[in-house]
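S.K.: Turn this into a structure:
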Amino acid sequence: DPNFFQKYPMTTLASVDELQSLGSKYPLGMHLYQRAPFFALNNPAMNGFVTKYHDRYGEFPSDWAVMDYDAMTMYAKAANAAGSFDADKVRSQIVGHSFDSLRGYKFTIRDGDQQANVGETVGTTGDSGGKYPFPILVNSTNLKGDDLLMPTAIMQQLQAGQCEKTPGTPNTTDFSLCPAWKTS
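M.R.: Below is the predicted model of the structure:
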């Protein structure tokens, strides 16, 4: 059914990879969330990266390329600060520290669960107006990572098995059983 997505609206994860691969065949009007879509994160660092990437590879960078670049620059900064490639020393320079990002803001690897407070972009697929040979997100919003992350206390209780209906049975996990859930 060519009108499937108009009849049944949905929101799904996507990346620039799918948009580029399908090009004009990608359905318009899809509600997507993306981790690091370059076209929705306009800033000098991202723009420079996109130009260099496109010049070298002849395509636009996927969300994964953006995230990989951020991860490698984070690792390099941490290893340099540690003066070593020792995993524990590098980790100590990552956890609790903030790093620059192609997304245009600093992100932090938080203590407790080592999650990065990076955001997501949500929007609807639409025509790029000829700027790209694929649809982009229109009417998009960049959500802050801190607003998306589960509180650290709940993450720690989940990891410790404190939120299971039947203790010792992880497939019975229920967030509402976490002691910290009631206070969040």
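S.K.: The chain: helices as residue ranges?
M.R.: Secondary structure of the chain (DSSP state H): helices located at 4-7, 16-22, 44-57, 63-82, 87-94, 145-148, 152-159.
S.K.: Compare these and say which comes out lowest on pLDDT.
M.R.: Looking at these, the lowest mean pLDDT belongs to helix 4-7 (a mean of 70).
S.K.: Look up how far S92 lies from the spatially most central residue of the chain.
M.R.: Relative to the mean C-alpha position of the chain, the nearest C-alpha, by C-alpha atoms, centre = their mean, is the one of R35, at 3.2 Å. When C-beta to C-beta, to the nearest Å is applied, the distance between R35 and S92 equals 26 Å. C-beta coordinates here come from the backbone N, C-alpha and C atoms, glycine included.
S.K.: now for the helices of the chain, which one comes closest to M30?
M.R.: Using C-beta to C-beta as the measure, helix 4-7 is the one of those that comes nearest M30, at 5.7 Å.
S.K.: With just CA atoms, put that closest one into CSV.
M.R.: Coordinates of the C-alpha atoms in helix 4-7 are reproduced here as CSV (Å, rounded to 0.1, in the frame of the first residue of the first chain):
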residue,chain,number,x,y,z
PHE,A,4,0.6,3.0,4.4
PHE,A,5,2.5,5.7,6.3
GLN,A,6,-0.2,8.3,5.7
LYS,A,7,-2.9,5.9,7.0
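S.K.: distance between it and the chain's centre?
M.R.: In terms of C-alpha atoms, centre = their mean, to the nearest Å, the gap separating the centre of helix 4-7 from the centre of its chain is 26 Å.
S.K.: what's the answer for stretch 28-39, then?
M.R.: Relative to the chain's own centre, stretch 28-39 is displaced by 11 Å; criterion: C-alpha atoms, centre = their mean.
S.K.: What's the end-to-end length of that stretch?
M.R.: Start-to-end span of stretch 28-39 (C-alpha to C-alpha, to the nearest Å) is 16 Å.
S.K.: That one: which residues count as buried?
M.R.: Applying a neighbour-count criterion of 16 or more other C-beta atoms under 10 Å, the buried positions in stretch 28-39 are 30, 32-39.
S.K.: among those, which are in strands?
M.R.: For the buried residues of stretch 28-39, membership in strands holds for 32-34, with DSSP state E as the criterion.
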